[in-house]
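**Student:** turn this into a structure:
(one chain, ligands or ions: 1)
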Amino acid sequence: MTGASARVSVRPAARDAAIEGFAAAVRDGLSRTPRQLPTRYLYDSLGSALFEAICRLPWYRITRAEAGLLSRHGTGILGAYGPFARIVELGSGGGGKLATLLATRPAGAAPLRLDLIDVSRAALDAAAQLLRAFDGVDVVGYQADYEAGIGDMVGQGTGRGPALVLLLGSNIGNFDPADAVALMRRIREPLGSGDALLLGADLVKPEADLLLAYDDPLGVTAAFNRNLLVRMNRELGGDFDVASFRHRAVWNPAASRMEMYLVSTRTQQVRVPAAGIDMAIRQGEAIWTENSYKYTVEGVTEMLEQGGFIPRTRWVDEDARFVLTLAEAGGF
Ligand SMILES: C[S@@+](CC[C@H](N)C(=O)[O-])C[C@H]1O[C@@H](n2cnc3c(N)ncnc32)[C@H](O)[C@@H]1O
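**Tutor:** Sure, this is the predicted structure:
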């Protein structure tokens with residue numbers, strides 16, 4: 001891990017197109033009943049930094065649990081169908097988990113291409129900085145959503161040898177069940193035999209643990225959620241009175257998901273000019289900002305199979321209730 005031969009580049013999204021996409025999502029989401037905003041917009045530069053802080057909280061245990069599994073089983077994962085010539089990580093965040101996995105590579109391992117796809121430029125920059133310490137890796141970051149990122153990456157050619165796709169941190173939990181299967185299938189499409197997917201998923205656990213993970217006593221998750229208002233004010237000229245919205249996290253057992261909301265503490269008028277929004281929002285009215293589905297081990301297996309993968313090995317952290325599954329690209 002001398003960093004002698006790491007090559008690193010980040011391909012940022014075009015700024016105008018990104019702002020236009022954000023404005024369209026805000027226009028659409030805030031006009032719906034109930035009002036809602038896509039979760040991916042929580043991750044601007046401050047949002048990504050706040051997420052990193054959440055990962056260090058004692059109540060958000062899945063990051064440490066998953067990193068522990070990667071560290072203990074990394075050699076087996078990387079050797080399963082490998083050596084892999086390429087690792088593609090979807091929603092890599094700051095790259096800490098990939099660094100943990102790479103640290104288990106044997107000395108003198110074959111060169112490796114790393115493709116990172118994330119909507120957050122700040123997260124990609126942090127990941128590139130962290131991963132440049134590894135020898136023999138070629139890191140390319142794409143600032144894009146999963147769908148566009150997979151398309152871009154495929155455009156770069158796949159014929160480099162076996163590929164491992166990472167979808168960690170229970171990123172899959174932001175997708176409704178049907179969309180989660182659709183994402184699995186989209187990931188599966190460009191893969192061939194010998195390629196694999198490593199999926200990290202958060203499992204159902206006691207409600208009290210979930211509420212602490214999504215509404216922590218330090219208020220970091222609340223800041224992460226409310227920062228979306230700050231972002232709309234800064235990027236779209238909004239006039240949200242940030243102090244008059246509170247964070248709310250609830251467990252929905254029927255849907256098996258945590259839900260996050262921004263709740264208005266008073267009746268007020270809000271304008272977001274770049275999104276064409278001029279709305280009255282009532283006291284107690286909520287804007288829905290995140291779903292985070294919680295799984296059973298069997299549910300994860302089923303989702304992978306419906307998406308065209310064959311689950312081969314799974315590791316469970318029983319304490320934090322988190323599962324890591326290595327699945328092979330199968331036929332549909
Ligand atoms: C919950 S964080 C997890 C980060 C990392 N995988 C981990 O386990 O620590 C989700 C990451 O995915 C990115 N992200 C969220 N929605 C996305 C989307 N639709 N397309 C691409 N990236 C997305 C965010 O910017 C963030 O870095």
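**Student:** ends of stretch 31-40, how far apart?
**Tutor:** Distance between the two ends of stretch 31-40: 18 Å, counting by C-alpha to C-alpha, to the nearest Å.
**Student:** what does it contact?
**Tutor:** Under the criterion C-beta atoms under 8 Å, 6 or more residues apart in numbering, residues 25-26, 29-30, 119, 145, 174, 228, 277, 281, 285-291 lie in contact with stretch 31-40. Glycine gets a C-beta too; all of them are placed from N, C-alpha and C.
**Student:** which residues does the nearest residue to G219 once chain neighbours are set aside bridge with?
**Tutor:** Nearest non-adjacent residue to G219, counting by C-beta to C-beta, 6 or more residues apart in numbering: H247, 7.8 Å away. Residues in a beta bridge with H247, per DSSP bridges, are L262.
**Student:** correct me, but H247 touches D215?
**Tutor:** Yes - at 6.6 Å, H247 counts as touching D215 under the criterion of C-beta atoms under 8 Å.
**Student:** for the residue of the stretch 51-200 of the chain found nearest the ligand, which residues are in contact?
**Tutor:** Distances between the stretch 51-200 of the chain and the ligand by C-beta to the nearest ligand atom are smallest at G169, namely 2.1 Å. Residues in contact with G169, defined by C-beta under 8 Å, 6+ apart, are 62-63, 66, 91, 93, 97, 200.
**Student:** cool, and S92?
**Tutor:** S92 neighbours (C-beta under 8 Å, 6+ apart): 98, 116-118, 123-124, 127, 141, 166.
**Student:** next one: the residue lying closest to it once chain neighbours are set aside from N291, what distance?
**Tutor:** Leaving aside its sequence neighbours, S92 sits nearest to L116 (C-beta to C-beta, 6+ apart; 4.2 Å). Noted for L116: a distance of 24 Å to N291, by C-beta to C-beta, to the nearest Å.
**Student:** who's more crowded, those two?
**Tutor:** Using other C-beta atoms under 10 Å, the more surrounded residue of L116 and N291 is L116, with 27 against 17.
**Student:** can I assume the more buried one sits in a helix?
**Tutor:** No - with DSSP: H, G, I helix; E, B strand; the rest coil as the criterion, L116 is located in strand rather than a helix.
**Student:** just checking, it touches A144?
**Tutor:** No - L116 is beyond contact range of A144, at 10.2 Å (criterion: C-beta under 8 Å).
**Student:** which other helices and strands contact the lowest-mean-pLDDT helix or strand in the chain?
**Tutor:** The helix or strand with the lowest mean pLDDT-type score in the chain, counting by mean pLDDT, DSSP states H and E, is helix 146-155 (a mean of 80). Judged by 3 or more C-beta pairs under 8 Å, 6 or more residues apart in numbering; DSSP states H and E, helix 146-155 is in contact with strand 86-90, strand 112-118, strand 137-143, helix 177-188.
**Student:** can you list contacts of the very next helix or strand once past the longest one?
**Tutor:** It refers to helix 177-188. Sequence order places strand 196-202 as the next helix or strand after helix 177-188, per DSSP states H and E. Outside strand 196-202, the residues that touch it by C-beta under 8 Å, 6+ apart are 62, 66, 77, 80-81, 84, 97, 162-173, 184, 187-188, 191, 292, 294-295, 300, 304, 309, 312, 321-329.
**Student:** repeat that for stretch 107-117.
**Tutor:** For stretch 107-117, contacts defined as C-beta under 8 Å, 6+ apart pick out 5, 83-92, 95, 98, 102, 105, 124, 127-128, 131, 136-142, 144, 146, 149-150, 152-153, 156, 160.
**Student:** in a helix, A122, correct?
**Tutor:** Yes - judged by three-state DSSP, A122 forms part of a helix.
**Student:** if I read this right, it contacts F51, doesn't it?
**Tutor:** No - between A122 and F51 there is no contact under C-beta under 8 Å: 10.2 Å.
**Student:** within range of the ligand, give me the residues from the stretch 101-250 of the chain.
**Tutor:** For the stretch 101-250 of the chain, the residues in contact with the ligand (C-beta under 6 Å from any ligand atom) are 117-120, 123, 145-146, 168-169, 171.
**Student:** and those as TSV, adding distance to E259?
**Tutor:** Output for these, formatted as TSV (distance: C-beta to C-beta, whole Å):
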residue	distance to E259
I117	26
D118	23
V119	21
S120	22
A123	24
D145	21
Y146	21
L168	22
G169	18
N171	17
